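Undergrad: sequence plus the predicted model coming up.
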Amino acid sequence: MKLTPVMEKYILHWGEMGTRWGVNRSVSQIHALLYLAPEPLNAEQITAILSIARSNVSTSIKELLSWQLIKTTPVLGDRRDHFDAVGDTWDMLMTIVAQRKQREIDPTLALLRQCVQEMENDQQTPNEVKLRISTMTDFVSSMAHWYEQMQQLPKSTLIKLFSLGTTITRFLPKK
């Protein structure tokens with residue numbers, strides 16, 4: 001597979017954006033490559049195309065597999081593992097959001113709830129701090145609950161909901 005200048009630009013930018021999202025640049029670039037690739041690629045192909053160390057490719061593939069953003073795809077006549085990006089852009093978005101919630105929001109919410117429980121008998125923590133922790137707990141809990149509701153919707157409904165944008169406010173009661 002040969003990269004065109006547009007493909008290179010996309011892959012490089014996706015790698016840069018990955019670093020801003022807290023994801024390793026190589027992980028993001030490999031994900032971008034597999035998303036653009038017309039057929040599954042093996043690790044050696046990825047190494048050659050992106051000029052990334054083979055060990056870095058292996059580590060990045062493991063990371064992408066753990067995020068469920070790529071899958072192993074068998075190729076007839078080749079014993080090596082080949083990798084393919086999972087789903088379309090909406091599937092990718094929902095997978096990333098689900099993984100981030102599981103890895104970041106759920107542990108934070110558990111800790112916040114534990115803090116609220118411990119604050120009940122805590123005389124040392126100022127009331128203003130207790131209020132802020134309780135407020136943050138309510139906020140994160142509401143966001144988690146909203147996400148769980150949105151996750152239940154079919155993709156077609158989510159797409160319509162997104163496309164409504166601010167027009168959705170017409171269905172809300174006026175103040």
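TA: That came through fine. All figures in this text were calculated on a predicted structure; none of them were measured in a lab.
Undergrad: check which residues of the strand or helix carrying E63 are buried.
TA: Per DSSP states H and E, E63 falls inside helix 54-66. Residues of helix 54-66 classed as buried under the neighbour-count rule (16 or more other C-beta atoms under 10 Å) are 56-57, 60-61, 63-64. Where C-beta positions appear, they are placed from N, C-alpha and C, glycine not excepted.
Undergrad: stretch 14-26 now?
TA: Neighbour-count burial for stretch 14-26 flags 14-15, 18, 23, 25-26 (criterion: 16+ other C-beta under 10 Å).
Undergrad: just the C-alphas of the helix or strand where T157 lies, formatted as PDB.
TA: Assigned by DSSP H and E, T157 belongs to helix 155-164. The C-alpha trace of helix 155-164 is given here as PDB (Å, rounded to 0.1, in the frame of the first residue of the first chain):
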ATOM      1  CA  LYS A 155     -27.400   4.700  15.600                       C
ATOM      2  CA  SER A 156     -30.000   6.100  13.200                       C
ATOM      3  CA  THR A 157     -31.700   8.000  16.100                       C
ATOM      4  CA  LEU A 158     -28.400   9.300  17.400                       C
ATOM      5  CA  ILE A 159     -27.500  10.600  14.000                       C
ATOM      6  CA  LYS A 160     -30.900  12.400  13.800                       C
ATOM      7  CA  LEU A 161     -30.400  13.700  17.300                       C
ATOM      8  CA  PHE A 162     -27.000  15.100  16.400                       C
ATOM      9  CA  SER A 163     -28.200  16.600  13.200                       C
ATOM     10  CA  LEU A 164     -31.000  18.500  15.000                       C
END
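Undergrad: list the buried residues of it.
TA: Under the neighbour-count criterion of 16+ other C-beta under 10 Å, helix 155-164 has L158 buried.
Undergrad: what of stretch 138-150?
TA: Buried-residue list, stretch 138-150, by 16+ other C-beta under 10 Å: V140.
Undergrad: centre of the chain to the helix or strand where M17 lies, how far?
TA: Assessed by DSSP H and E, M17 sits inside helix 5-20. Relative to its parent chain, helix 5-20 has a centroid offset of 16 Å by C-alpha atoms, centre = their mean, to the nearest Å.
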